[in-house]
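Asks: Sequence and computational prediction follow.
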Amino acid sequence: MPTERSHWAGLLTEQRNPKSMNLDRLSTAEAVRLMTEEDRLVPEAVAAQAGPIADAVDLVVDGLSRGGRLFYIGAGTSGRLGVLDASECPPTFGTDPDQVQGIIAGGTEALVASQEGAEDDREQGSREMSDRKVGKRDIVVGIAASGVTPYVHGALEQARSSGAATIFFTCNPVTASLVEVDVVIAPAVGPEIVTGSTRLKAGTATKLVLNAISTISMVRLGKVYENLMVDVQPMSAKLHDRARRILGELTGIGEEEAARAVENADNDLKTAIVQTKRAVSKETARTLLLRNDGIVRRALDDQD
């Protein structure tokens, strides 16, 4: 069993990929073909983790529905992908920026410039949790492709001691037991074509898993009706257009009428949908949504 500071050579993500031993001798076309063939392995490895991913989603939904927060924490590529996923939630799902947060070892500078040594600071990982007063309603997802990152381990240990729900993501299944957590997600994507470069297959697996956790959690929380992002925040021309098109798609009204309806609902698409489909006032639509936890389907079906 590898520990944080030893036996790196035994990690799956540190192994040499036998298929790419002659990578530097391949033609461009051959190298691209090999890389895409290796990338095809990633969705299958992630799909094999469907059960743990679903368990993680349930933890997230439970915590967020009780007013908790979701934290992603990682170093390097893992940290950047967590920050990316968190930053996409407000415009896509209308979440408060504090509800889903990404934390990266080395701070914001590490988003654009490598801060490799920061990943070794277990105490700083712990402080990240303490500084944010992580508690019983919160969920912390520790992301470590290698599985042995001290910064991530420190954060998970502190989060668990504070009563938060904890999830550990790694691409090294053998490291799954190094930290005590509620859920482990460990897709075995295999060695990278460039040995140890976990920004490749491991990074792709990370993105897929975080996509699933945040997206399905938001669906469960009522941020999506059918397959439409009804909590979208129209903060740009594209998103204004999307809101109008969603309302038109769901109600059959024309573009101009949809634009007026969204504007009259104070750019709250959910209110516009319920108001238009049920032919009620804006105030009634809001009452229906409030009574049904902001879930459009329930508000539309509410006959009380």
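Replies: The structure has been received and is ready for your questions. Numbers count the residues shown, from 1 in each chain.

Asks: contacts and neighbour counts: CA atoms only from here.
Replies: Will do.

Asks: same question for stretch 214-222, mean pLDDT?
Replies: When pLDDT is averaged along stretch 214-222, the result is 97.

Asks: Now do the buried residues in that stretch.
Replies: Of all the residues in stretch 214-222, those buried under the rule 16 or more other Cα atoms under 10 Å are Ser214, Thr215, Ile216, Ser217, Met218, Val219, Arg220, Leu221, Gly222.

Asks: separation between the third one and Val46?
Replies: Right, the one you point to is Ile216. Note on Ile216: its distance to Val46, by Cα to Cα, to the nearest Å, is 15 Å.

Asks: what about the closest residue to Pro173 other than its chain neighbours, neighbour count?
Replies: Closest residue to Pro173 in three dimensions, ignoring its sequence neighbours and counting by Cα to Cα, 6 or more residues apart in numbering: Ala186, at 5.2 Å. Residues contacting Ala186 under the criterion other Cα atoms under 10 Å number 26.

Asks: Could you check how far Ala186 is from Tyr72?
Replies: 16 Å.

Asks: Ok, Ile143 next?
Replies: Between Ile143 and Tyr72 the computed distance is 7 Å (Cα to Cα).

Asks: okay, and the common contacts of the two?
Replies: Gly79, Gly82 (Cα atoms under 8 Å, 6 or more residues apart in numbering).

Asks: what helix or strand is Met218 on?
Replies: helix 201-220 (DSSP states H and E).

Asks: which residue ranges form the strands in the stretch 151-300 of the chain?
Replies: Using DSSP state E, counting those that start in this stretch, the strands of the stretch 151-300 of the chain run over 165-169, 183-185.

Asks: Tell me which residues touch Arg122, please.
Replies: Pro150, Tyr151, Val152, His153, Gly154, Ala155.

Asks: check contacts around the closest residue in space to it that isn't next to it in sequence.
Replies: Leaving aside its sequence neighbours, Arg122 sits nearest to Tyr151 (Cα to Cα, 6+ apart; 4.2 Å). Tyr151 is in contact with Gly74, Ala75, Ala105, Ala118, Glu119, Asp120, Asp121, Arg122, Glu123, Gln124, Gly125, Ser126, counting by Cα under 8 Å, 6+ apart.

Asks: where does Tyr151 land on pLDDT?
Replies: 96.

Asks: Check the gap between it and Ala50 for me.
Replies: In terms of Cα to Cα, Tyr151 sits 26 Å off from Ala50.

Asks: Over to Gly67?
Replies: Distance, Gly67 to Ala50, using Cα to Cα: 26 Å.

Asks: Specify which residue of the two has the higher count of neighbours.
Replies: Ala50 (15 against 10).

Asks: That one and Ala155, how far apart?
Replies: Computed as Cα to Cα, the Ala50 to Ala155 distance reads 25 Å.

Asks: Let me know whether Ala110 touches Gly117 as I believe.
Replies: No. Using Cα atoms under 8 Å, Ala110 is not in contact with Gly117, being 10.7 Å away.

Asks: higher neighbour count, the two?
Replies: Using other Cα under 10 Å as the criterion, Ala110 and Gly117 rank with Ala110 on top: 18 against 12.

Asks: so what's that one up against?
Replies: Gly76, Ile104.

Asks: Can you read off the pLDDT for it?
Replies: Note on Ala110: pLDDT of 89.

Asks: what do you get for the one 5 residues further on?
Replies: The predicted local confidence for Gln115 comes out at a pLDDT of 75.

Asks: now Trp8
Replies: If you check Trp8, the pLDDT there is 66.

Asks: Please apply the same query to the one 10 residues further on.
Replies: Pro18 carries a pLDDT score of 94 in this model.

Asks: That one: neighbouring residues, count only.
Replies: For Pro18, using other Cα under 10 Å, the count is 11.

Asks: Next, find the distance separating it from Val194.
Replies: Pro18 is 11 Å from Val194, where distance means Cα to Cα.

Asks: what's the answer for Glu255, then?
Replies: 50 Å.

Asks: likewise Arg16?
Replies: For Arg16, the distance to Val194 - Cα to Cα - is 8 Å.

Asks: Dihedrals phi and psi, Gly196?
Replies: When read as degrees, to the nearest 10, the backbone of Gly196 gives phi 80, psi 0.

Asks: That one and Thr13 touch, don't they?
Replies: Yes. If you go by Cα under 8 Å, Gly196 and Thr13 touch, sitting 5.6 Å apart.
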